[in-house]
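Q: sequence first, then the predicted structure:
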Amino acid sequence: MVKVIIASNNENKIREIKDIFLGYPVNVISMKEAGINIEIVEDGSTFMENAYKKAKQVHDITGDIVLADDSGLMVKGLNGAPGIYSARFCGEHGNDKKNNEKLLKMLEGKSEEDRKAKFVCAMVLIFNDSKVIKVKGEVDGVIAHEELGKNNFGYDPLFYVPKYNMTFAQMPAKLKNSISHRAQALEALKEKFDTFMKKV
């Protein structure tokens, strides 16, 4: 069993990653479970830069294999905003309600074309200083006109996926975990992870 520390204290994110890794010979633990209590600095200019910074900070402390991701929402009619500022779009970190309210307000009067959006997830897995895996996942959708559904977190109640005729927050966890940006990134990561582990 390989131990992997997730460089996050976001319980929803940790649960989602653990669910996706079910059935793999991997023991996924949070920073809290690993006894790490640091404030991770996210000052990169891209999702990938932020993911790498998070993973590196935790890896430098523990020497363990560390997985980090940085993800966010990019809306066509807002020139890609909120982007890397998704978690603190309203100015307050992690206030989902206010972030969603601000997004809806900014999209008032915008066309359906402008409401097109995508969730992006950049993921970094650090084994050691010479072995780093970087992958990205994306999923396309449209910003709904109101919050729909109660599951999950963040912008999920507004992220409508036409193919399934529901928002992320309306989807059963199993469905969301199979199509989400994080799921896409993790699938790409698992392929590379498997290849690397066979060489060890």
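A: Okay, I see it.

Q: packing partners for the lengthiest helix in the chain?
A: The residue-count maximum for a helix in the chain (DSSP state H) belongs to helix 181-199. In terms of contacts (3 or more CB pairs under 8 Å, 6 or more residues apart in numbering; DSSP states H and E), helix 181-199 is packed against helix 11-20, strand 65-75, strand 116-128, strand 131-143. For the C-beta atoms, the positions are set from N, CA and C on the backbone; glycine is no exception.

Q: excluding chain neighbours, what is closest to the residue nearest the centre of the chain?
A: Closest residue to the average C-alpha location of the chain: residue 71 at 3.9 Å, with CA atoms, centre = their mean. Sequence neighbours aside, residue 121 is the residue nearest to residue 71 in space, at 3.9 Å (criterion: CB to CB, 6 or more residues apart in numbering).

Q: neighbours of that neighbour, how many?
A: When counting by other CB atoms under 10 Å, one arrives at 24 neighbours for residue 121.

Q: ok, the residue lying farthest from the centre of the chain to residue 99 distance?
A: Note on the chain: the largest C-alpha distance from the chain mean falls to residue 109, namely 28.7 Å (CA atoms, centre = their mean). Look at residue 109 and residue 99: by CB to CB, to the nearest Å, they are 20 Å apart.

Q: got a list of what the residue nearest to residue 71 touches?
A: Applying CB atoms under 8 Å, 6 or more residues apart in numbering, we find residue 121 in contact with 47, 69, 70, 71, 136, 137, 138, 180, 181, 182, 184, 185.

Q: related to what we said a few turns ago, okay, buried residues for the longest helix of the chain please.
A: Within helix 181-199, the residues that count as buried by 16 or more other CB atoms under 10 Å are 181, 182, 183, 184, 185, 186, 188, 189, 190, 193.

Q: how about stretch 52-72?
A: 52-59, 62, 64-72.

Q: what is the end-to-end distance of it?
A: 15 Å (CA to CA, to the nearest Å).

Q: so how far is that stretch off the chain centroid?
A: Stretch 52-72 has its C-alpha centroid displaced from the chain centroid by 14 Å (CA atoms, centre = their mean, to the nearest Å).
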